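Visitor: Next comes the sequence, and after it the predicted model I'd like to discuss.
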Amino acid sequence: MQKFLSIPVTGEGDQLVSSTDIKLIEQGSTTTVVITYGGGKVTTITHAINPTEAMRDLIQTSVVSSLQQPWREVIFDVLNIPFAVGGIATV
């Protein structure tokens, strides 16, 4: 069963990010969180400057919460994001 995070992006509304088959979540820089998937796909979340790993911790906690939801609930809304998200890119 696929599970997704729903993340609000400034000026673009909510975007879905897969929370299934994740191998690594890391703070790529002070403005990015990088999610690496088992198949080699990489999603980069760009956010306002944050010198700590609070954004990475929020994404990681949200992934765990999304995977713990009942099987019919496939979308987990990421709320109370402390740093504005400017974009999400998957390659």
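Guide: Received the coordinates, thanks. The model shown is predicted, which means the values in this text are computed figures rather than measured ones.

Visitor: And the helices in the protein?
Guide: Taking DSSP state H as the criterion, the chain contains helices spanning 54-68.

Visitor: can you map out the strands along it?
Guide: Along the chain, counting by DSSP state E, strands occupy 4-9, 13-18, 22-29, 32-37, 42-47, 75-77, 85-90.

Visitor: Go through those strands and name the closest to A54.
Guide: Comparing those by their distance to A54 (CB to CB), the top pick is strand 22-29, with 9.0 Å. In short, each C-beta sits where N, CA and C put it, glycine included.

Visitor: one step back: can you put the strands of the chain in CSV and add mean neighbour count?
Guide: Rendered in CSV, the data for the strands of the chain read as follows (neighbours: other CB atoms under 10 Å):
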stretch, mean neighbour count
strand 4-9, 18
strand 13-18, 15
strand 22-29, 14
strand 32-37, 19
strand 42-47, 20
strand 75-77, 16
strand 85-90, 15
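
Visitor: With mean pLDDT and distance to Q69 as extra columns, can I get these in a markdown table?
Guide: Formatted as a markdown table, those follow (pLDDT from 0 to 100; distance: least, CB to CB, whole Å):
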| stretch | mean pLDDT | distance to Q69 |
| --- | --- | --- |
| strand 4-9 | 98 | 11 |
| strand 13-18 | 97 | 14 |
| strand 22-29 | 97 | 15 |
| strand 32-37 | 98 | 18 |
| strand 42-47 | 98 | 20 |
| strand 75-77 | 98 | 6 |
| strand 85-90 | 97 | 21 |
